[in-house]
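Student: Fold the stuff below for me.
(chains A, B, C and D)
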Number of protein chains: 2
Amino acid sequence: MLDDRKLEVLRAIVEDFVSTNEPVGSKALAERHSLGVSPATVRNDMAALEDEGFITHPHTSAGRIPTDKGYRLFVDRLSSVKPLSGAEKRAIQTFLEGAVDLDDVVRRSVRLLAQLTRQVAVVQYPSLSRSSVRHLEIVHLAPNRLLLVLITDTGRVEQRVLELPGVLSDEDVSHLRHAFGSRLHGARLIDAPAALSDLPDAAPMAIRPVLTSVMSVVLETLVDQPEERIALAGTANLTRSALDFPNTLRPVLEALEEQVVLLKLIGEVNDPSTVHVKIGEENSVEGLRSTSVVTVGYGPEAGTYGGLGVVGPTRMDYAASMGSVRAVARYVGELLAGA
Amino acid sequence: MLDDRKLEVLRAIVEDFVSTNEPVGSKALAERHSLGVSPATVRNDMAALEDEGFITHPHTSAGRIPTDKGYRLFVDRLSSVKPLSGAEKRAIQTFLEGAVDLDDVVRRSVRLLAQLTRQVAVVQYPSLSRSSVRHLEIVHLAPNRLLLVLITDTGRVEQRVLELPGVLSDEDVSHLRHAFGSRLHGARLIDAPAALSDLPDAAPMAIRPVLTSVMSVVLETLVDQPEERIALAGTANLTRSALDFPNTLRPVLEALEEQVVLLKLIGEVNDPSTVHVKIGEENSVEGLRSTSVVTVGYGPEAGTYGGLGVVGPTRMDYAASMGSVRAVARYVGELLAGA
DNA sequence: CTTGGCACTCGGAGATCGTGAGTGCCAGGC
DNA sequence: GCCTGGCACTCACGATCTCCGAGTGCCAAG
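Tutor: Numbering: from 1, shown residues only, chains lettered A, B, ... in the order given. Got it, this is the predicted structure:
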């Protein structure tokens, strides 16, 4: 059904269309690529590819353009992730190594990724629940007020102010501090409920009520509803492909402003260790049906920290985008794991 | 030179053009607005206004559109800030009062402002240097490592990890904590250098070196180079006025991605208590020469906390935008001052 | 299965043209 | 002196038309 040459023709169509943004015809294709066959033969192959739904016509007397299904086949079987050039690798390194803290790492990464791919870049902050506790500080702001400061292994710092139902003494607080600290230090936040389960029983009777209430607040805010953060850059790149988004720029921008949507994009990955591609209609997000999304997880063990990726027109250079996304994810993962 | 009726004609032109986005002609104008004169007279006035540079022709047989100078006159003399409707005020209140912390306040404000004005909204986080210290906590992470946590009166929380040149004991740290705490509590950050000036002399000889080094780091990161933060929302609204930004959407998006640029926009205000408008070419930022920017300061005393505003096409409803910007600034100011 | 030939299709670029909104100017009227 | 109606003029815009050529599908021969 689809012999090697037909696949080769599909590849050529995708590559040409990606670089020129114009429907590609049989003649031009036979010339530009050394397929060793005549335009007529190419036409026959094209007709077959069209029957199978991999390419389509904008109109009768125009060349062919790939469909989402065509891009899918291209990505799955016809292209391999393009490794970065030495210059690009060096650029990543010099650009990222200047970062002073987590915020800086994330901001630099997202800008870098946007520049490398010339697309919209998205980087998720290291997810709280999958991080582990480097330090947990409890500060007694006022008799009935506590400040919790959590520092994770990735350098993320979160704080919450708690209003207590009752009043605590300084000794109570230092007891709390020790009780939480000893149990959570080094633990992953996702394991926090288990690590803290024996806490109420081990504590002095007097502070048990307030302790359980503190515990529930801590678990709720840090584990059940952890605040996910996202950085975005390169939205201006959407206008570069103005031709790709004739009237659809609006919904794309709208979708990109929704944190929830972005998290969904990055989170919807089965195996976070490999680069993932969602093409056009494959996207579950309404507004992004005209785009493709390339994502990957990052962290010491395949996406343990979070995810990152790019959003661009379906007509994108998948090989290069996948390469950049993978490379940046690796560097960021190493950087944060080593921090 | 410019009698009342000419001004009235200019107002009518601006209002019509803003609402229709089409060049407005003498006949339509004389009909729609009860000027009490004939189209011919209006034409004469238009010619005069054009001579003065307030309006212009796209081409010979088209109506007139305001120039930047025309909008300027309109804003300065012909329009007054439009107070919000009761419904809008209620919307602001209910939308903002649900906020749980500063981050939430800022995020909600910026989205609210974008929705109200249907434009791009920008909100600066309360500036550190102009805030005062509610609490300063020093945590002894490791013998040679300190964590500083600063909570300001606006609820902003900043933290820094300091690597010390030498080793400190717990007593040293608690001495530090007290020394900084007593001097800075309630002080504005901008006054911190003065408040801390006697510190080295008052401290025990032994820890003076490390103390001065801590001090210099604190002052540098919190006062000299305070981290300003900005929230942005509603970029999708730029596409609504696609006609206004034919090919210029690109530079606008690019400009909006630069924190520095946004800070400049918001900071460039002489008197932060009144609503400020920059129209088209008046903008110092290259990429925003095709837009207008409406800004105002917020805080208990006229912009002591920071600024906020909107960015949109020069063809915008200035009265309404100014009203929304002012209203949101007031609510946010009150909210943060009361927190 | 490939290839050259060939008739056919049809979008897009130009060219043409009529229309009408809008203008500037002028002479007469309040 | 200013307003007004009249009038000739301009010119962008949309509709219509034509032409061109890239590209196609099909077929018969290699």
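
Student: so A:Ala28 touches A:Gly63, yeah?
Tutor: Yes: using CB atoms under 8 Å, A:Ala28 is in contact with A:Gly63, at 7.5 Å. Where C-beta positions appear, they are placed from N, C-alpha and C, glycine not excepted.

Student: more crowded one of these two?
Tutor: A:Gly63 (20 against 17; other CB atoms under 10 Å in any protein chain shown).

Student: Which residues lie in contact with the residue nearest to the more buried one when sequence neighbours are not counted in this structure?
Tutor: Excluding the flanking residues, the one nearest A:Gly63 by CB to CB, 6 or more residues apart in numbering or on different chains is A:Pro23, at 3.4 Å. Neighbouring residues of A:Pro23 by CB atoms under 8 Å, 6 or more residues apart in numbering or on different chains: A:17, A:57-58, A:62-65.

Student: Please put the alpha-carbon coordinates of stretch A:221-229 into PDB.
Tutor: Provided in PDB are the C-alpha atoms of stretch A:221-229 (Å, rounded to 0.1, in the frame of the first residue of the first chain):
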ATOM      1  CA  THR A 221      -2.200  23.600  50.300                       C
ATOM      2  CA  LEU A 222       1.000  21.700  49.500                       C
ATOM      3  CA  VAL A 223      -0.200  18.300  48.400                       C
ATOM      4  CA  ASP A 224      -3.900  18.300  47.400                       C
ATOM      5  CA  GLN A 225      -3.900  21.600  45.700                       C
ATOM      6  CA  PRO A 226      -0.300  22.400  45.000                       C
ATOM      7  CA  GLU A 227       0.100  25.600  43.200                       C
ATOM      8  CA  GLU A 228       1.500  24.900  39.700                       C
ATOM      9  CA  ARG A 229       3.200  27.700  37.900                       C
END
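
Student: So which bits of that stretch are buried?
Tutor: Residues A:221-223, A:226, A:228-229 are the ones in stretch A:221-229 that count as buried (16 or more other CB atoms under 10 Å in any protein chain shown).

Student: do the lengthiest strand in chain A and chain B meet at all?
Tutor: Secondary structure assigned by DSSP state E gives strand A:133-142 as the longest strand of chain A. Yes: on the criterion CB under 8 Å from any CB of the partner chain, strand A:133-142 is in touch with chain B at A:135, A:137, A:139, A:141.

Student: Am I right that A:Leu308 is in a strand?
Tutor: Yes: counting by DSSP: H, G, I helix; E, B strand; the rest coil, A:Leu308 is located in a strand.

Student: Can you tell me the SS state at the closest residue to it other than its chain neighbours?
Tutor: Distances taken as CB to CB, 6+ apart put A:Val123 closest to A:Leu308, at 4.3 Å, once the chain neighbours are dropped. Assigned with three-state DSSP, A:Val123 falls in the strand class.

Student: Let me know whether A:Val123 touches A:Ala231 as I believe.
Tutor: Yes: using CB under 8 Å, A:Val123 is in contact with A:Ala231, at 4.8 Å.

Student: If you count surrounding residues, which of those two has more?
Tutor: A:Val123 (30 against 20).

Student: what pLDDT does that one get?
Tutor: For A:Val123, the pLDDT comes out at 97.

Student: quick one, what contacts it?
Tutor: If a contact means CB under 8 Å, 6+ apart, then A:Val123 has A:106, A:109-110, A:113, A:230-231, A:306, A:308, A:332 as its contacts.

Student: Same question for A:Gln259.
Tutor: A:Gln259 makes contact with A:228, A:230, according to CB under 8 Å, 6+ apart.

Student: before we move on, the earlier item: from the contacts of A:Val123, which land in helices?
Tutor: Of the positions in these, A:106, A:109-110, A:113, A:332 sit in helices, assigned by DSSP state H.

Student: Neighbour count added to those, as JSON lines?
Tutor: As requested, those are exported to JSON lines (neighbours: other CB atoms under 10 Å in any protein chain shown):
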{"residue": "A:Val106", "neighbour count": "24"}
{"residue": "A:Ser109", "neighbour count": "26"}
{"residue": "A:Val110", "neighbour count": "24"}
{"residue": "A:Leu113", "neighbour count": "28"}
{"residue": "A:Val332", "neighbour count": "27"}
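
Student: Format these as TSV; extra columns: pLDDT and distance to DNA strand C.
Tutor: Output for the ones in helices among the contacts of A:Val123, formatted as TSV (pLDDT from 0 to 100; distance: CB to the nearest atom of the strand, whole Å):
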residue	pLDDT	distance to DNA strand C
A:Val106	95	42
A:Ser109	96	40
A:Val110	97	36
A:Leu113	97	34
A:Val332	93	43
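
Student: Spatially, which two of these are the most separated?
Tutor: Using CB to CB, these span at most 10.7 Å, a distance reached by A:Val106 and A:Leu113.

Student: Now do the lowest-mean-pLDDT helix or strand in chain A: distance to the chain's middle.
Tutor: Every helix and strand of chain A was ranked by mean pLDDT, DSSP states H and E. The lowest is helix A:199-202, at a mean of 78. Computed by CA atoms, centre = their mean, to the nearest Å, the chain-centroid distance of helix A:199-202 equals 39 Å.

Student: Give the other helices and strands that it contacts.
Tutor: helix A:170-184, helix A:208-219 (3 or more CB pairs under 8 Å, 6 or more residues apart in numbering or on different chains; DSSP states H and E).

Student: Run through chain A and note the low-pLDDT ranges.
Tutor: A:1, A:242-244, A:246-247, A:302-303, A:339 (pLDDT under 70).

Student: Dump stretch A:197-213 to PDB, restricted to CA.
Tutor: The C-alpha coordinates for stretch A:197-213 follow below in PDB (Å, rounded to 0.1, in the frame of the first residue of the first chain):
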ATOM      1  CA  SER A 197       0.400  10.100  59.800                       C
ATOM      2  CA  ASP A 198       1.800   9.300  63.200                       C
ATOM      3  CA  LEU A 199       2.200  12.900  64.200                       C
ATOM      4  CA  PRO A 200      -1.000  13.500  66.200                       C
ATOM      5  CA  ASP A 201      -0.400  10.400  68.300                       C
ATOM      6  CA  ALA A 202       3.100  11.400  69.100                       C
ATOM      7  CA  ALA A 203       2.300  14.900  70.100                       C
ATOM      8  CA  PRO A 204       1.500  16.200  73.600                       C
ATOM      9  CA  MET A 205      -2.200  16.200  74.200                       C
ATOM     10  CA  ALA A 206      -2.400  19.900  74.700                       C
ATOM     11  CA  ILE A 207      -1.500  20.900  71.200                       C
ATOM     12  CA  ARG A 208      -3.100  18.000  69.300                       C
ATOM     13  CA  PRO A 209      -6.200  20.000  68.100                       C
ATOM     14  CA  VAL A 210      -4.100  22.900  66.700                       C
ATOM     15  CA  LEU A 211      -1.600  20.500  65.300                       C
ATOM     16  CA  THR A 212      -4.100  18.500  63.300                       C
ATOM     17  CA  SER A 213      -5.600  21.700  62.000                       C
END
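
Student: which ones are touching A:Pro200?
Tutor: Counted by CB under 8 Å, 6+ apart, A:Pro200 has contacts A:208, A:211-212, A:215.

Student: Go again with 10 Å.
Tutor: Counting by CB atoms under 10 Å, 6 or more residues apart in numbering or on different chains, A:Pro200 makes contact with A:179, A:207-209, A:211-212, A:215.

Student: Then A:Gly63?
Tutor: A:13, A:16-17, A:20, A:22-29, A:46, A:55, A:57.

Student: Spell out the residue ranges of the helices in chain A.
Tutor: Ranges of helices in chain A, per DSSP H, are A:4-20, A:26-32, A:39-51, A:68-73, A:86-97, A:102-117, A:170-184, A:192-196, A:199-202, A:208-219, A:237-240, A:249-257, A:259-267, A:318-338.

Student: can you tell which of these is closest to DNA strand D?
Tutor: Counting by CB to the nearest atom of the strand, DNA strand D lies closest to helix A:26-32 out of these; the figure is 3.4 Å.

Student: circling back to that earlier point, of all the helices and strands packed on helix A:199-202, which one is nearest A:Gly299?
Tutor: When the helices and strands packed on helix A:199-202 are compared by CB to CB, helix A:170-184 sits nearest A:Gly299, at 20.0 Å.
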